[in-house]
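A.B. asks: sequence and predicted model, in that order:
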Amino acid sequence: MLGDRIRTLRKQNKLTLEALAGDKLTKGMLSLIENNKAKPSMESLTYIAERLEVDVSDLLDEVSVQELRNILEKAEKIYNDNIDPLSDKYKQLITLIEPHIQHLTQGYESARLLDIYGRSLFHDKKDGWQPYCNRASHMYDQMNLTSQRALVSTFRVQAKFFNHDYFDALQLFLAERKEIETHHAYIDPLTQLDLDYYEAILQYAVGDSTSAVRIMEKAIAFSKEKKIFYLVSDLYRLAAAHGMMTGAAEKREFYKKKLKQYAEFADDTELMLFYDLLTVMTLINEEQDYKKALAMIDPNLANPQKRDSYGPWFSLEKGKALFHLGQLEEALEWLNKVEVPTYIHHPFDLSILYIKDAYIALCYLELGKQKKAITFSKVAMEHFDPLPDTSFKQFCIEAYEKINQ
């Protein structure tokens, strides 16, 4: 109620009744107003608002801008806290924001709270999150907050992408991008790069390499032109991965070199690990230098920090190398350790890891265990069936045909 809001704001401003009353109100009258036993005139209400340094509308609304700011501050702290993934932070956010939903009608605080609320519903696996993200998008459009608007769009697209609805995700992204470019005359360089990067990822996901390469190379050129290093490592990583997937050795090596240079410049351990992984995969898949590959793999698997980051990938490559060296039982041991992380959704990453089933099948074939070989070859085919054509998928098909002749 009005009196409660005035009392709350007075205390937040550390004012006594006398200090707020000033020379135009009595302490007794202000006390009656705060206890909802008297209604102030518009003149008195304007005076109180001025003393509290808020708009009159903040007092008349059930939730003031200052109150929303306080709620948003708490919400941002919870939302951005990298706490245990098994925690109930999204439930906390829903409980915090839900009582105020009907009052989130305008302003940045309202838009951001709707944004966080919609995301929290999604992560908590609750239906009905889309309308809140839609409302947030509309409000960001009204305030011309392009970067925030784009972030909501990519979140909505990711919801489909995480379900592996790649085509629908791309169509939604293209529609969202068109709407953003229609409503926002100026798009800042960082948001422009974000949009290009996500579009390239999605074009690759549906198998349209031509469009993906065009967009990706445009983004790299734009980064150089603007001298912006934001996302450049991700773009190089994507370009190198494409070269590996398509067998474009020259392009792969060019971007691998760029990756290494950037990793050394930025002292980026994660990026250097990715460079090592690409090198190992090249040694195994193309150069067939399995012993040299193992010499690179073992130090990475021996380091706990590196194992936590890229353990499944290096374990897979070790299993592949051991298979080619004829050490079948040991190869199976390493291949069976490989689990696809729950955060992996892109067909490139899935293709790399799904190949393990084809190798397991080939190990069993060499060991004379035909039934197990057939079983795992079918598993591999089921995994690869919805994914676009790559050299990995072709390897899986060839293994399946060999085993099931």
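C.D. replies: All right, it came through fine. Numbers count the residues shown, from 1 in each chain.

A.B. asks: helix or strand for I228, which one?
C.D. replies: Using DSSP states H and E, I228 is not contained in any helix or strand.

A.B. asks: numbering from 764 from now on, please.
C.D. replies: With the count now opening at 764, the last piece we talked about shows up as I991.

A.B. asks: next SSE after the helix-or-strand element of the chain with minimal mean pLDDT?
C.D. replies: Using mean pLDDT, DSSP states H and E, the weakest-scoring helix or strand in the chain turns out to be helix 819-823, at a mean of 73. Following helix 819-823 in sequence order, the next helix or strand is helix 828-842 (DSSP H and E).

A.B. asks: mind listing what's buried in that following helix?
C.D. replies: The neighbour-count check on helix 828-842 (16 or more other Cβ atoms under 10 Å) flags V828, Q829, E830, L831, I834, L835, A838, I841, Y842 as buried. Every C-beta, even on glycine, is put in place using the N, C-alpha and C of the backbone.

A.B. asks: which one in the residues you listed is the model shakiest on?
C.D. replies: Minimum pLDDT across those is recorded for V828, with 77.

A.B. asks: secondary structure class for A1136?
C.D. replies: Recorded secondary structure, A1136: helix (DSSP: H, G, I helix; E, B strand; the rest coil).

A.B. asks: no, scratch that, I was asking about I1107
C.D. replies: coil.

A.B. asks: could you report the separation of it from I964?
C.D. replies: To I964, I1107 is 13 Å away according to Cβ to Cβ, to the nearest Å.

A.B. asks: look at the two and report which has more neighbours.
C.D. replies: I964 (23 against 13; other Cβ atoms under 10 Å).

A.B. asks: you'd agree that one is up against A1002?
C.D. replies: No - in this structure, I964 is not within contact of A1002 by Cβ atoms under 8 Å, at 11.8 Å.

A.B. asks: where does pLDDT dip in this protein?
C.D. replies: Applying pLDDT under 70 to the chain picks out residues 821, 824-826, 846-850.

A.B. asks: mark out where each domain of it begins and ends.
C.D. replies: Per the record, the chain has its domains at 764-823, 994-1096, 1103-1168, by automatic domain parsing.

A.B. asks: would you list these in a markdown table and tack on distance to Q911?
C.D. replies: Below are the domains of the chain laid out as a markdown table (distance: least, Cβ to Cβ, whole Å):
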| stretch | distance to Q911 |
| --- | --- |
| domain 764-823 | 23 |
| domain 994-1096 | 18 |
| domain 1103-1168 | 24 |
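
A.B. asks: one step back: can you tell me which of the buried residues of helix 828-842 is nearest F918?
C.D. replies: Y842 (12.4 Å; Cβ to Cβ).

A.B. asks: list the contacts of that closest one.
C.D. replies: Neighbouring residues of Y842 by Cβ atoms under 8 Å, 6 or more residues apart in numbering: K852, L856, I879, R882, S883.

A.B. asks: mind listing what's buried along stretch 1008-1022?
C.D. replies: Neighbour counts over stretch 1008-1022 (16+ other Cβ under 10 Å) mark M1008, A1011, K1014, R1015, Y1018, K1019, K1021, L1022 as buried.

A.B. asks: what's the closest non-adjacent residue to the third one?
C.D. replies: Leaving aside its chain neighbours, K1014 sits nearest to G1006 (4.0 Å; criterion: Cβ to Cβ, 6 or more residues apart in numbering).

A.B. asks: go through whichever strand or helix holds the one you found and flag the buried ones.
C.D. replies: Using DSSP H and E, G1006 falls within helix 995-1009. Across helix 995-1009, burial judged by 16+ other Cβ under 10 Å covers 995-1008.

A.B. asks: N1167 and T1138 touch, don't they?
C.D. replies: No - in this structure, N1167 is not within contact of T1138 by Cβ under 8 Å, at 10.9 Å.

A.B. asks: who's more crowded, those two?
C.D. replies: Between N1167 and T1138, counting by other Cβ under 10 Å, T1138 is the more crowded of the two (16 against 13).

A.B. asks: need the contact list for the more buried one.
C.D. replies: Taking Cβ under 8 Å, 6+ apart as the test, what T1138 contacts is A1124.

A.B. asks: mind doing that once more with 10 Å?
C.D. replies: Counting by Cβ atoms under 10 Å, 6 or more residues apart in numbering, T1138 makes contact with D1120, I1123, A1124, Y1127, K1132, I1166.

A.B. asks: distance check, G1006 against I1115.
C.D. replies: Counting by Cβ to Cβ, the gap from G1006 to I1115 is 14 Å.

A.B. asks: please disregard the earlier target; I meant I1123.
C.D. replies: The gap separating I1123 from I1115 is 15 Å, by Cβ to Cβ.

A.B. asks: re earlier: narrow the contacts of T1138 to those in helices?
C.D. replies: Counted as lying in helices by DSSP state H, out of the contacts of T1138, are D1120, I1123, A1124, Y1127, I1166.

A.B. asks: start to end distance for stretch 1138-1154?
C.D. replies: With Cα to Cα, to the nearest Å as the measure, stretch 1138-1154 spans 22 Å from end to end.

A.B. asks: how about stretch 891-911: buried residues?
C.D. replies: W892, Y895, C896, R898, A899, S900, M902, Y903, D904, L908, T909, Q911.

A.B. asks: so which strand or helix has the third one?
C.D. replies: So the one you mean is C896. If you go by DSSP H and E, C896 is part of helix 893-905.

A.B. asks: follow-up on the earlier one: hey, what's in contact with both of I964 and A1002?
C.D. replies: A975, M979.

A.B. asks: for the buried residues of helix 828-842, give me CSV that also has distance to D1031.
C.D. replies: Shown next, in CSV, are the buried residues of helix 828-842 (distance: Cβ to Cβ, whole Å):
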residue, distance to D1031
V828, 41
Q829, 41
E830, 42
L831, 39
I834, 37
L835, 33
A838, 31
I841, 29
Y842, 26
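
A.B. asks: name the nearest of these relative to D931.
C.D. replies: Y842 (26.6 Å).

A.B. asks: now do the closest one against G881, distance only.
C.D. replies: 12 Å.

A.B. asks: try P1104
C.D. replies: Using Cβ to Cβ, we find P1104 at a distance of 25 Å from G881.

A.B. asks: and if you look at A874?
C.D. replies: 11 Å.

A.B. asks: okay, and the common contacts of those two?
C.D. replies: Jointly contacting A874 and G881 under the rule Cβ under 10 Å, 6+ apart are R898, A899, S900, V915.
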